[in-house]
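> Here is a sequence together with a model predicted from it:
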Amino acid sequence: MKIGFMVRTAPYTSQDIDTVYELSKAAVNLGHEVEIFLYDDAVIAMNKNIKPPKERNIPERLSELIDMGVTVSGAALSSKFRGLRKSDLIENARITGASTFNRLFENCDRVITFSL
């Protein structure tokens, strides 16, 4: 089964990205394919320059998921509005357009959206 997650909330504003992290790990460990699409403020989670003191490191968690085979991409327009450039991204994360978002809904068996 292919599972897609769309996250719209900022990484340190809610527990949404943490929930996606845990669900993605569990799904991959059960043999499922996972794709994560970050939209609006969630694209900030791909910024490798975030170094939270005494806090969970969400960019590192996303890198861990990528190493497990999860696809992580973020909306190009959301990234542009937040000043996020390709050089700021964690390794193997992608900035993509609306076609990736559409493909997520077309190709995934289940899509779960996290938003405020």
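On my side now, so go ahead.
> elements contacting the lengthiest helix in the chain?
With secondary structure taken from DSSP state H, the chain has its longest helix at helix 16-29. Applying 3 or more CB pairs under 8 Å, 6 or more residues apart in numbering; DSSP states H and E, we find helix 16-29 packed against strand 2-7, strand 33-38, helix 58-67, strand 110-114. (Each C-beta comes from the backbone N, C-alpha and C, glycine too.)
> Kindly reformat those as a markdown table containing distance to residue 81.
Output for these, formatted as a markdown table (distance: least, CB to CB, whole Å):
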| stretch | distance to residue 81 |
| --- | --- |
| strand 2-7 | 16 |
| strand 33-38 | 13 |
| helix 58-67 | 19 |
| strand 110-114 | 19 |
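> Of those, flag the one that's most buried.
strand 33-38 (a mean of 23; mean count of other CB atoms under 10 Å).
> partners of that strand in the sheet?
Strand 33-38 pairs in its sheet with strand 2-7 (parallel), strand 71-75 (parallel), by DSSP bridges.
> and those as a markdown table, adding distance to residue 60 and mean pLDDT?
As requested, those are exported to a markdown table (distance: least, CB to CB, whole Å; pLDDT from 0 to 100):
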| stretch | distance to residue 60 | mean pLDDT |
| --- | --- | --- |
| strand 2-7 | 16 | 96 |
| strand 71-75 | 12 | 96 |
